[in-house]
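Colleague: Generate a structure from the sequence data that follows.
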Amino acid sequence: MGKTSDLTAVQKTIIDTLHKEGKTQKVIAKEAGCSQSSVSKHINRQAKGRKKCGRKKCTSSRDNRTLQRIVTTNPFKNVGEIHKEWTAAGVSASRTTTRRLMKDMGFRCRIPCVKPLLNMKQRKKRLTWAKDKKDWTDAEWSKVMFSDESKFCISFGNQGPRVWRKSGEAQNPRCMRSSVKFPPSVMVWGAMSSAGVGPLCFLRSRVNAAVYQEVLEHFMLPAADQLYGDADFTFQQDLAPAHSAKTTSTWFKDHGIPVLDWPANSPDLNPIENLWGIVKRRMQYARPNNAEELKTTIRATWALITPEQCHRLIESMPRRITAVIEAKGAPTKY
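Modeller: Numbers count the residues shown, from 1 in each chain. All right, here's what the predicted structure looks like:
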């Protein structure tokens, strides 16, 4: 009867009751029918609480703060580099412990998002632009025709869907993705508004000011007629050299088309970027064999874009602007 684990539930209840009444351990042991040492151990354990089991931690709170500072200062270091720097600070811990503590702190190893580099001048201009447009309504944004170019390739590298295959089918052509050194690609110009998308233009040569003005003449103007009719609209474009050329500015003035002022390196503010992403995701299972088949696939996928999808993307403009203001001009999640 020397161990508290030998005590029955009834005995433990008796001990707890009599102890609260102020009885001595000798009296309690006699009433409960157990040894005095069992009573003492039970009372002490109840008072102190059960001791924690397991191995004692090898790092202190200060050590953990040092680790968090190392990871936060340079999040692109791998576990080995982080562990080396941490142990150099006088901490004795294994690489496995380092990885586990980083995970406990909430750090996860992920592929980083790629965003355009913004210098301080560009960030200030983005912030100023966002503050200037923060009170625009959905009706005002619906009058804007957003435009952009995008490159489509037959091979999308290592991205795309995974494959379900059985053991030994790794070399089966049905389970393989083809790749070439210089995959055929096409450059596409497109435009959208809250009312839907306009016709696509496949660019055959490098886009200079002259080529871009032909695109505006033969594709942007028909898109404006299709999406706006006789209503007024504002055209959006980025600051590519062909777009900001003096002859291009003259073209817009001659045609009486206002152009929305636009900050540099700001694809996160252009909803058509998300539209290109939708098209490319829908095409990830397609396997065009040449550039012409690729164009056919792009046209067919673009034709499936609904006005509702475009409207939802345009409606995100106030949220994009708020995100830029909160980020003080830095890149956003969009």
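
Colleague: Which stretches in the stretch 101-250 of the chain count as helices?
Modeller: Using DSSP state H, counting those that start in this stretch, the helices of the stretch 101-250 of the chain run over 120-133, 138-141, 209-215, 221-228, 241-244, 246-254.

Colleague: got the buried residues for the fourth one?
Modeller: If I follow you right, that is helix 221-228. Of all the residues in helix 221-228, those buried under the rule 16 or more other CB atoms under 10 Å are 223-224, 227. C-beta: built from backbone N, CA, C; applies to glycine.

Colleague: Any idea how many residues pack against Val79?
Modeller: Using other CB atoms under 10 Å, Val79 is surrounded by 14 other residues.

Colleague: Then Ala170?
Modeller: With other CB under 10 Å as criterion, Ala170 counts 10.

Colleague: what about dumping the CA coordinates of the helix or strand of the chain with the lowest mean pLDDT to PDB?
Modeller: Of all the helices and strands that make up the chain, helix 36-48 has the lowest average by mean pLDDT, DSSP states H and E, namely a mean of 81. Only the C-alpha atoms of helix 36-48 are listed here, as PDB (Å, rounded to 0.1, in the frame of the first residue of the first chain):
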ATOM      1  CA  GLN A  36       0.400   7.200   6.400                       C
ATOM      2  CA  SER A  37       3.000   7.500   3.600                       C
ATOM      3  CA  SER A  38       0.300   6.900   1.000                       C
ATOM      4  CA  VAL A  39      -1.800   9.600   2.600                       C
ATOM      5  CA  SER A  40       1.100  12.000   2.500                       C
ATOM      6  CA  LYS A  41       2.000  11.300  -1.100                       C
ATOM      7  CA  HIS A  42      -1.600  11.700  -2.200                       C
ATOM      8  CA  ILE A  43      -2.000  15.000  -0.400                       C
ATOM      9  CA  ASN A  44       1.300  16.400  -1.700                       C
ATOM     10  CA  ARG A  45       0.500  15.300  -5.200                       C
ATOM     11  CA  GLN A  46      -2.900  17.000  -5.100                       C
ATOM     12  CA  ALA A  47      -1.400  20.200  -3.800                       C
ATOM     13  CA  LYS A  48       1.500  20.500  -6.200                       C
END
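
Colleague: Ok, which of the helices of the stretch 101-250 of the chain comes nearest Ile28?
Modeller: helix 120-133 (73.9 Å; CB to CB).

Colleague: Run the chain-centre distance for the closest one.
Modeller: Offset of helix 120-133 from its chain centre (CA atoms, centre = their mean, to the nearest Å): 22 Å.

Colleague: Show me what the host helix or strand of Thr301 is packed against.
Modeller: Using DSSP states H and E, Thr301 sits in helix 291-303. Contacts defined by 3 or more CB pairs under 8 Å, 6 or more residues apart in numbering; DSSP states H and E place helix 291-303 against strand 185-193, helix 271-282.

Colleague: export the ones you listed to a markdown table and tack on distance to Gln236?
Modeller: Formatted as a markdown table, those follow (distance: least, CB to CB, whole Å):
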| stretch | distance to Gln236 |
| --- | --- |
| strand 185-193 | 9 |
| helix 271-282 | 9 |
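
Colleague: ranking these by burial, who's on top?
Modeller: Scoring the helices and strands packed on helix 291-303 by mean neighbour count under mean count of other CB atoms under 10 Å gives strand 185-193 as the most buried, with a mean of 22.

Colleague: and the angle for that one with helix 221-228?
Modeller: Relative orientation of strand 185-193 versus helix 221-228 (axes from the mean of the first three to the mean of the last three CA atoms, to 10 degrees): 40 degrees.

Colleague: average model confidence for strand 185-193?
Modeller: Strand 185-193 shows a mean pLDDT of 95.

Colleague: Same question for stretch 281-298.
Modeller: pLDDT averaged over stretch 281-298 gives 89.

Colleague: rewinding a little: so for the helix holding Thr301, what gets flagged as buried?
Modeller: In terms of neighbour count (16+ other CB under 10 Å), helix 291-303 has its buried residues at 291, 294-295, 297-298, 301-302.
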